[in-house]
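>>> sequence and predicted structure are below.
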Amino acid sequence: MSEIANASINTFGKASPKADFVPPSEQLITLTIGQLQDLVTQAVEKTIQPLQERVEALEVTVARQEEFHARQIAEDRKRITALEHTPKTSQGKRMRSRAEMLKALLKAKGGGMTFKEAGKALGIQPNQMTKLVESLDKRSFEVFTRSGDSRQRVIRLIAQNPFT
């Protein structure tokens with residue numbers, strides 16, 4: 001009797017727990033294979049399938065982006081190649097005309113003159129004279145600094161060998 005009294009005191013008025021009581025999370029259940037397969041199929045359809053679809057959609061997006069970036073890289077390389085193969089200065093009509101005038105001036109002067117003198121004779125600015133000299137055929141003209149005054153640059157016609 002004292003055990004029953006102690007049990008009722010320990011439960012504070014609640015019915016005493018049964019000795020064979022098992023919490024619901026630990027209870028054993030019996031399922032058929034078909035029921036288990038249905039549960040697994042439902043779990044896959046509700047959780048795994050949407051995730052697989054999302055992963056596939058992301059893979060398609062990544063593939064498209066990689067293709068787009070690859071095309072952009074190829075186009076950039078084409079533009080860079082085109083820029084590398086473009087002459088530094090274009091030989092427009094005005095540039096060719098100025099080059100011919102400079103050649104005639106140099107022949108008349110005996111072969112050479114300073115950049116400043118040549119620019120004044122051609123009526124062009126110093127930066128235009130620099131561009132003109134950069135566009136000239138280096139086999140026909142030479143540029144050097146005047147001895148005694150390294151600030152003055154001189155352009156001179158190179159003597160051409162008529163037998164070559």
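Arrived safely. Numbering: from 1, shown residues only.
>>> domains in the protein, by residue range?
The record's domain split for the chain, according to automatic domain parsing, is 1-86, 93-157.
>>> how many residues are close by residue 109?
Burial of residue 109 is recorded as 14 neighbouring residues (other CB atoms under 10 Å). Any C-beta I mention is one placed from the backbone N, CA and C, and that applies to glycine too.
>>> returning to that earlier point: columns mean pLDDT on top of the domains of the chain, output as a markdown table?
As requested, the domains of the chain are arranged in a markdown table below (pLDDT from 0 to 100):
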| stretch | mean pLDDT |
| --- | --- |
| domain 1-86 | 81 |
| domain 93-157 | 88 |
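>>> most tightly packed of those domains?
Among the domains of the chain, the stretch with the highest mean neighbour count (mean count of other CB atoms under 10 Å) is domain 93-157, at a mean of 14.
>>> what sits against residue 139?
Listed by CB atoms under 8 Å, 6 or more residues apart in numbering, the contact partners of residue 139 are residue 158.
>>> so it, which of the three states?
Three-state assignment for residue 139 (DSSP: H, G, I helix; E, B strand; the rest coil): coil.
>>> how close does it sit to residue 93?
Using CB to CB, to the nearest Å, residue 139 is found at 22 Å from residue 93.
>>> got it, and residue 124?
Summarising the geometry, the distance separating residue 124 from residue 93, computed by CB to CB, is 15 Å.
>>> again, but for residue 123
With distances taken as CB to CB, residue 123 is found 16 Å from residue 93.
>>> again with residue 129
According to CB to CB, residue 129 and residue 93 sit 18 Å apart.
>>> can you give the distance of stretch 150-164 from its chain's centre?
With CA atoms, centre = their mean, to the nearest Å as the basis, stretch 150-164 stands 45 Å off its chain's centre.
>>> who's in contact with the closest residue to residue 129 other than its chain neighbours?
Using CB to CB, 6 or more residues apart in numbering and skipping residues adjacent in sequence, the residue nearest residue 129 is residue 119, 4.0 Å away. Residues near residue 119 by CB under 8 Å, 6+ apart: 125, 126, 128, 129.
>>> so the residue nearest to the first one when sequence neighbours are not counted is in which element?
In this case it means residue 125. Closest residue in space to residue 125, ignoring its immediate chain neighbours: residue 119 at 7.0 Å, by CB to CB, 6+ apart. Using DSSP states H and E, residue 119 sits within helix 115-122.
>>> can you name every helix or strand that the longest strand anywhere in the chain contacts?
Of all the elements of type strand in the chain, the one with the most residues (DSSP state E) is strand 149-157. Helices and strands touching strand 149-157, as assessed by 3 or more CB pairs under 8 Å, 6 or more residues apart in numbering; DSSP states H and E, comprise helix 93-108, strand 112-114, helix 115-122, strand 141-146.
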